[in-house]
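# Sequence unavailable; structure follows:
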Ligand SMILES: [Zn+2]
């Protein structure tokens, strides 16, 4: 087991996860979303795809047993253990533009924080894919409007993802304390290779 990296509130970290290794993502205090993105370690033109993941699982929600697909339809990760079961596959990372548009607030979001973690690997803001949003609780209303609800994750709940290829992974501790996304407060996320 690797040493746990604690991702401070409103920040992100990047790690390498080799094929066959399992990354555990822990919601340390509960009700905290973790945006997860990944790239083929040796070819960053292959990266996680929300849309390909939805269509290959034929669902807008995945949990234990679900597979995370790349833009090239290859399996990147499998969810091998899941203590929560409610995650989002619909939303982009929160970002400066959306905070300004919805809340008239000038701040950075997960997009900017994921970029900070990945730029050392040569990945820029325009190359960050829409994430797998662990612990984020969303739904579609009857009129198909998007909804964000309080996460159902409790303190120390975790999800484990086993790599099916060598991956560069980045995880952000979501920066949204303005609505129900993280229960109104931002707390740390733990990641470790188990
Ligand atoms: Zn966020």
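Looks like it arrived, so ask away. Bear in mind the structure is a predicted one, so any value in this text is a computation, not a measurement.
# now for the helix or strand hosting residue 46, which elements pack on it?
Secondary-structure assignment from DSSP states H and E places residue 46 in strand 43-47. Applying 3 or more Cβ pairs under 8 Å, 6 or more residues apart in numbering; DSSP states H and E, we find strand 43-47 packed against strand 34-40. Bear in mind the C-beta positions are built from the backbone N, C-alpha and C, glycine included.
# which parts of the strand it packs on are buried?
Using 16 or more other Cβ atoms under 10 Å as the test for burial, strand 34-40 gives 34, 35, 36, 37, 38, 39, 40.
# Next: stretch 179-186.
Quick answer for stretch 179-186 (16+ other Cβ under 10 Å): 181, 182, 183, 186.
# Which members of the residues you listed additionally contact the ion?
When Cβ under 5 Å from the ion is applied, no member of the buried residues of stretch 179-186 is adjacent to the ion.
# re the thing from before, closest to residue 157 out of the buried residues of strand 34-40?
Closest approach between the buried residues of strand 34-40 and residue 157, by Cβ to Cβ: residue 34, at 11.1 Å.
# Not counting the strand holding residue 46 itself, show me its contacts.
With contacts defined as Cβ atoms under 8 Å, 6 or more residues apart in numbering, strand 43-47 is touched by 37-40, 70-72, 74, 121-123, 127, 129, 168.
# quick check: mean pLDDT across that strand?
Here strand 43-47 scores 98 as its mean pLDDT.
# That strand pairs with which strands, parallel or anti?
Note on strand 43-47: by DSSP bridges, its sheet partners are strand 34-40 (antiparallel).
# Does the strand it pairs with reach the ion?
No: if you take Cβ under 5 Å from the ion as the test, strand 34-40 misses the ion, and the best it gets is 5.6 Å.
# Stretch 156-173 now?
No: residues of stretch 156-173 contacting the ion under Cβ under 5 Å from the ion: none, with a closest distance of 6.3 Å.
# Quick one: distance of that stretch to the chain centre.
Taking Cα atoms, centre = their mean, to the nearest Å, one finds the center of stretch 156-173 at 8 Å from the center of the full chain.
# Give me the buried positions along that stretch.
157-173.
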